[in-house]
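Enquirer: got a predicted structure here, sequence first:
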Amino acid sequence: MFISTLWAQSPLITNVYQRKFVSLNGKWNCIVDPYECGYYDYRREPFDRRQEPPKEAFFMNAIPKNKIELIEYSFDKSETLLVPGDWNSQSEKLLYYEGTIWYRRLFDVCKQSHKRYFLYFGAINYETIVYLNGKRLGSHVGGFTPFNYEIPDSLLREKGNFLVLKVDNTRKAESVPTLQTDWWNYGGITRDVLLLEMNETFIQDFYLQLSKGSLSQAEGWVQLNGSRKKQKIKICIPELNILHLANSDSNGLATYKIELKRPVLWTPHNPKLYEVIITAETDQISDLIGFRTIETQGTEILLNKKPIFLRGICIHEEIPHRKGRAYSREDAQLLLGWAKELNCNFVRLAHYPHNEHMVRLADELGLLVWEEIPVYWTIQWENSETLKNAKTQLNDVITRDKNRASVIIWSVANETPVTPHRLIFLKELISYVRLKDGARLVSAAMEVELSKRKRKCFSCS
């Protein structure tokens, strides 16, 4: 355990763009640190293991009091990088860089009493340690999924907060993805950074989709976060004249089933979305949700009980004219707009979870989506920590996107070699997906040996 203050990662808050937030996007001061001098002392001991970290630790954001005081770094005099954005495309000298870069952002906040504040990160590639005002909030592993931390009230200031991130995109054999991929290893804070302002007890997450196999019954749940766990919950779908009441239990969880009255089902030809309003006694949130079913029958895929032929392409999260990582709604409009121009009704978001704008826009445009995690090629199948990492990434993307009608497939792997340990690993992931979301299809793009030639096959169930 680190001696300096350490908070665990908070449960993921969903629907963040419908919350009250302050964007921390923009220019961040950055220091390139290939030797990690800002994190380790000369004995290779982390500075944040000390009771009082020294000023030479970059996360302390030290400023010399006079010319005599020697501090060998300065965020104030450092270059800046745009957030969100990868560092590779922003600086020619960083094009091939793999290693640590420190980011710093100064901000003020008008603190409100009885409010809770969270730092939300859309994605950072790949390993991140988060510090606020010299205290370590925690660390995150994985380059394509969101995470957040609650800020203790005693730590957050009205003026002069400094947020410092240690970001390391070094590839590792035990990671997900592993050392070798066929996409660029962009480093940096590649998606939005938001400061969320939440009520003391708030709606952390909710789920609402058609029950498996039903075209009229929906089911779901609401999860509260805070001290007032037991509350009355209202689920309202105004266009369908639905107002359903539920009660949360001592854990803040309310479950429910709702009979929908002849809903217009979501399809690529008519991507109908309904406003859904969830109201608790202490919070309210809304979302746009489409209702549809997805299942297989023999070799056919059925959307709303009817066969559908998928016409699609694979898309990487890259924007051609910028030659870098895509991250904005405008980027999503360009990439998915091209897919629509090609007469696609389906896209595979290869080979990792893309940003949230992609799946939300796919809901609006009527594009079916295959989402996957980067279990790719030469993963360490026998490494329990690698499996845990893969499950965590699955959990995070399913948590974020479970209410998106466009998402019909969760993929657990791509082009993995045929071995007994691979099968054990993938079966674990498939079981985990079905535990988290039993209403969607599960897939993997596999390598199959036929007549000494490698062929690729896709499996959905």
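Expert: Structure's in. What do you need? As the structure is a prediction and not an experimental result, all values here were calculated from the model.

Enquirer: let me see the ranges of the helices in the stretch 201-350 of the chain.
Expert: Counting by DSSP state H, counting those that start in this stretch, the stretch 201-350 of the chain has helices at residues 329-341.

Enquirer: residue ranges with poor pLDDT in the stretch 351-461 of the chain?
Expert: Within the stretch 351-461 of the chain, the segments meeting pLDDT under 70 span 449-461.

Enquirer: if we go to 90?
Expert: For the stretch 351-461 of the chain, the stretches with pLDDT under 90 are 378, 417-418, 445-461.

Enquirer: all strands for it, in order.
Expert: Counting by DSSP state E, counting those that start in this stretch, the stretch 351-461 of the chain has these strands, from start to end: 368-372, 407-416, 441-450, 453-460.

Enquirer: spatially nearest residue to residue 83, not counting backbone neighbours?
Expert: Sequence neighbours aside, residue 189 is the residue nearest to residue 83 in space, at 4.6 Å (criterion: CB to CB, 6 or more residues apart in numbering). All C-beta spots, glycine's among them, are computed from the backbone N, C-alpha and C.

Enquirer: tell me the contacts of that neighbour?
Expert: Going by CB atoms under 8 Å, 6 or more residues apart in numbering, residue 189 touches 28, 83-85, 103, 121, 124, 165, 167.

Enquirer: what's the pLDDT at it?
Expert: Note on residue 189: pLDDT of 98.

Enquirer: OK, contacts around residue 224?
Expert: Applying CB under 8 Å, 6+ apart, one finds that residue 224 lies in contact with 201-204, 231, 248, 252-254, 280, 282-283.

Enquirer: what's the closest non-adjacent residue to it?
Expert: The spatially closest residue to residue 224, leaving aside those adjacent along the chain, is residue 252, at 3.5 Å (CB to CB, 6+ apart).

Enquirer: around the nearest residue to residue 408 once chain neighbours are set aside, how many other residues sit close by?
Expert: By the measure of CB to CB, 6+ apart, the closest residue to residue 408 outside its immediate chain neighbours is residue 294, 4.4 Å from it. Residue neighbour count, defined by other CB atoms under 10 Å, stands at 20 for residue 294.

Enquirer: what bridges to residue 294?
Expert: According to DSSP bridges, the partner residues bridging residue 294 are residue 303.

Enquirer: mind listing what residue 170 touches?
Expert: With contact set as CB under 8 Å, 6+ apart, residue 170 has these partners: 98-100, 126-127.

Enquirer: if we can go back for a sec, which of the contacts of residue 224 has the largest number of neighbours?
Expert: When these are compared by neighbour count (other CB under 10 Å), residue 203 ends up highest, at 27 neighbours.

Enquirer: can I assume that one is in contact with residue 281?
Expert: No: Residue 203 is beyond contact range of residue 281, at 10.7 Å (criterion: CB atoms under 8 Å).

Enquirer: what touches both of those two?
Expert: With contacts taken as CB under 8 Å, 6+ apart, not a single residue reaches both residue 203 and residue 281.

Enquirer: circling back: tell me the one among the contacts of residue 170 nearest to residue 311.
Expert: Within these, distances to residue 311 taken as CB to CB reach their minimum at residue 126, with 33.6 Å.

Enquirer: can you report how many residues neighbour that closest one?
Expert: Using other CB under 10 Å: residue 126 sits among 23 other residues.

Enquirer: give the contact list for it.
Expert: Residue 126 sits in contact with 141-143, 168-171, 175, 187, where contact means CB under 8 Å, 6+ apart.

Enquirer: cool, residue 78 as well?
Expert: Taking CB under 8 Å, 6+ apart as the definition of contact, the neighbours of residue 78 are 29-31, 104.

Enquirer: gap between it and residue 38?
Expert: With distances defined as CB to CB, to the nearest Å, the gap from residue 78 to residue 38 amounts to 11 Å.

Enquirer: quick check: neighbours shared by these two?
Expert: Here residue 78 and residue 38 have residue 31 as joint contacts, going by CB under 8 Å, 6+ apart.

Enquirer: what residue of this protein is the furthest out?
Expert: No residue in the chain sits farther from the centre than residue 68, which is 45.1 Å out by CA atoms, centre = their mean.

Enquirer: distance of that residue relative to residue 95?
Expert: Separation of residue 68 from residue 95 (CB to CB): 39 Å.
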